[in-house]
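Engineer: Would you be able to build a 3D model of this:
(one chain, ligands or ions: 1)
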Amino acid sequence: MHLISIDDLSTAEIDNLFALSDGFLEIASRPIKKVPTLRGRTVINVFLEASTRTQSSFELAGKRLSADVINIKGSSSSVSKGESLKDTILTLESYRPDIIVMRHPQVGASRMATRYTNASVVNAGDGTGEHPTQCLLDLYSLRRVYGDLQGLKVAIVGDILRSRVARSDLFGFRKMGIDVRLVGPPTLIPPGIEYWDVPIHHDLSALEDVDVIYLLRMQLERAKGKVPPVPSLREYSRVWGLSPYKVKPGQRVMHPGPVNRGVELSADLVDDDRSLILHQVESGLAVRMAILYQCLAGSLTDEPGA
Ligand code: NCD
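Structural biologist: Purely as a prediction, here's the structure:
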């Protein structure tokens, strides 16, 4: 099984991943957090773009499942010497990996990698394309907090234009029955958005009746050479930045990280009780263990937590 887009999964498959994640979350609370499920299997994490949470959680997920895990990172890989993605994947294929987890600055890179390997490929973020495992961990966090996802109202706010998280979350959240709206200044809403058939709002008053406010980072590093979409980060944070008093009692705040404290949200909101940011990170480890397990499920004989 490959996981390239959130659309690769049916609702039943997502529910199944969450049932597995429940088991892995329980394992994370044990004094000894390792199970032999993927013993003798090889997981290669290829991260050709910066990452803290996604890389560390995939690495730990593989290790807690007892797989042999190696990590190839951008600046220290031969990509910095001019090697093509095809040659990197063909080289790694010589080790006969079972799973390749890949983050890459170009849209479609993970799908292309599937052509050169027999391993399961997991997309850990491809440029402004998709980030399906982030969507799954966000859904799992929401399920842990709210139980039933049907009819939950979520606003995704900020730099939708360059956000692979917004893309995967929009499609995945709707698939699970969540009512999604997008909120941000017109310059941060992608052209052609009408094809997504989603409500768009250009005002923070659109947050008043939602259960969850999902904030995005201003991803300026992806804007290379283009006109900045906002006059300055200071102005953006004054108009669009969220602080505790703008969040109603009972509303929750999510963010995929990395957070820019003081830009899309104030420093005190990051640490507020209504913030699920670290809950998302905790969910991420369990969900990524479930994803690695599921990629190989057909070829495994033991129960996941055995
Ligand atoms: C996101 C990403 O890399 O797309 N972060 C993450 O995976 N936790 C969002 C971002 O970079 O702002």
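Engineer: Could you report the separation of the closest residue to the ligand within the chain from Asp203?
Structural biologist: Among all residues of the chain, Arg217 sits closest to the ligand, at 3.5 Å; criterion: Cβ to the nearest ligand atom. Where C-beta positions appear, they are placed from N, C-alpha and C, glycine not excepted. Plainly put, Arg217 is 21 Å away from Asp203 if you go by Cβ to Cβ, to the nearest Å.
Engineer: Looks to me like Arg167 is in a helix.
Structural biologist: Yes - the assignment for Arg167 is a helix, going by DSSP: H, G, I helix; E, B strand; the rest coil.
Engineer: which residue packs closest to it, ignoring adjacent ones?
Structural biologist: Glu130 (5.7 Å; Cβ to Cβ, 6 or more residues apart in numbering).
Engineer: Show me the beta-bridge partners of the closest residue to Ile193 other than its chain neighbours.
Structural biologist: Spatial nearest neighbour of Ile193, chain neighbours left out: Ile200 (6.2 Å); criterion: Cβ to Cβ, 6+ apart. Here Ile200 sits in beta bridges with Leu182, as judged by DSSP bridges.
Engineer: per-residue confidence at Ile200?
Structural biologist: Predicted confidence (pLDDT) at Ile200: the value is 97.
Engineer: how about low-confidence regions in the stretch 101-250 of the chain?
Structural biologist: For the stretch 101-250 of the chain, the stretches flagged by pLDDT under 70 are 225, 227.
Engineer: Return the residues of it in contact with the ligand.
Structural biologist: If contacts are counted using Cβ under 6 Å from any ligand atom, the residues of the stretch 101-250 of the chain sitting beside the ligand are 125, 131, 134, 164-165, 217, 219.
Engineer: So among these, which ones count as buried?
Structural biologist: By neighbour count, with 16 or more other Cβ atoms under 10 Å, those hold 125, 131, 134, 164-165, 217, 219 as buried.
Engineer: now, which of these lie within strands?
Structural biologist: Gly125 (DSSP state E).
Engineer: Might one say that the residue of the chain closest to the ligand is in contact with Ile277?
Structural biologist: No - with contact defined as Cβ atoms under 8 Å, Arg217 does not count as touching Ile277 (11.7 Å).
Engineer: For these two, list the residues in contact with both.
Structural biologist: 255, 257, 259 (Cβ atoms under 8 Å, 6 or more residues apart in numbering).
Engineer: Pipe those into JSON lines and attach distance to Met289 and neighbour count per row.
Structural biologist: Output for the shared contacts of Arg217 and Ile277, formatted as JSON lines (distance: Cβ to Cβ, whole Å; neighbours: other Cβ atoms under 10 Å):
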{"residue": "His255", "distance to Met289": "22", "neighbour count": "25"}
{"residue": "Gly257", "distance to Met289": "19", "neighbour count": "18"}
{"residue": "Val259", "distance to Met289": "24", "neighbour count": "17"}
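Engineer: In helices, which of those residues appear?
Structural biologist: Among these, no member is found in helices (DSSP state H).
Engineer: Nothing else from me, thank you.
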